[in-house]
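> turn this into a model:
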Amino acid sequence: MSAHADQARFRGADFADALADAGFDFFTGVPCSLIGSVLLSLEERGYVPETREDAAMGLAAGAFLAGRRPVVLMQNSGFGVSLNAIGSLQQIYEMPCLLVITWRGFEGKDAPEHLVMGRAMPQLLEAYGIEWRALGDRPLEQEARWARERFDDGRRPVALVVPPGVLG
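Okay, here's the model as predicted:
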């Protein structure tokens, strides 16, 4: 997969539409350049920016308690920051949310500071019992429906991971 947005496989606006069409209706998170086009599209839907991923998890918990279907967008380094909130809030109290996590350090190609988390992220998701899929091969609508089914059935976070070059 290419790391260049001009060669992206899918448009970010199409991903935002797929999430909304699947019933996700609250969007928060911390920006990452790999999903800049998604964030621009979500601003029209009331995206709530946060400065820390663990704080975004708190917003998602409140949104879920208010009857919404929250999505938290973050870089995988921010996923590391959010692990305590996920384990001590979302999982213990069975509050689902969709995590959209950019996969910095994918295939060992990125700035050095992203490589450790790039390697570790799949194992961290599995260790936390978070079902996940990487975007790229299946239609975005199918991925959003898969996430919605897991959200409704699992009462725990589910993740869609975004490798470089998939969304532009």
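> next, the residue most central in space within the chain: secondary structure please.
Against the mean C-alpha coordinate of the chain, by Cα atoms, centre = their mean, the closest residue is residue 100 at 0.7 Å. Following DSSP: H, G, I helix; E, B strand; the rest coil, residue 100 is assigned to strand.
> for it, give me its contacts.
Residues in contact with residue 100 (Cβ atoms under 8 Å, 6 or more residues apart in numbering) are 29, 35, 38, 71-74, 159-160, 162. C-beta coordinates here come from the backbone N, C-alpha and C atoms, glycine included.
> residue 113 should be in a strand, yeah?
No: Residue 113: not assigned to a strand; according to three-state DSSP it is helix.
> look up how far residue 116 lies from the closest residue to it other than its chain neighbours.
Excluding the flanking residues, the one nearest residue 113 by Cβ to Cβ, 6 or more residues apart in numbering is residue 77, at 7.8 Å. Going from residue 77 to residue 116 by Cβ to Cβ, to the nearest Å gives 9 Å.
> more crowded one of the two?
The neighbour comparison of residue 77 against residue 116 (other Cβ atoms under 10 Å) goes to residue 77, with 20 against 12.
> so where does the more buried one fall, helix or strand?
Using DSSP states H and E, residue 77 sits in helix 76-85.
> on that earlier part again, may I ask you to confirm that the residue nearest to residue 113 is in contact with residue 117?
Yes: checked against Cβ atoms under 8 Å, the pair residue 77 and residue 117 is within contact range at 5.3 Å.
> quick one: common contacting residues for these two?
Common contacts of residue 77 and residue 117 (Cβ under 8 Å, 6+ apart): residue 104.
> distance of the residue nearest to residue 113 from residue 118?
9 Å.
> common neighbours of these two, please.
In terms of Cβ under 8 Å, 6+ apart, residue 77 and residue 118 are both contacted by the residues residue 104.
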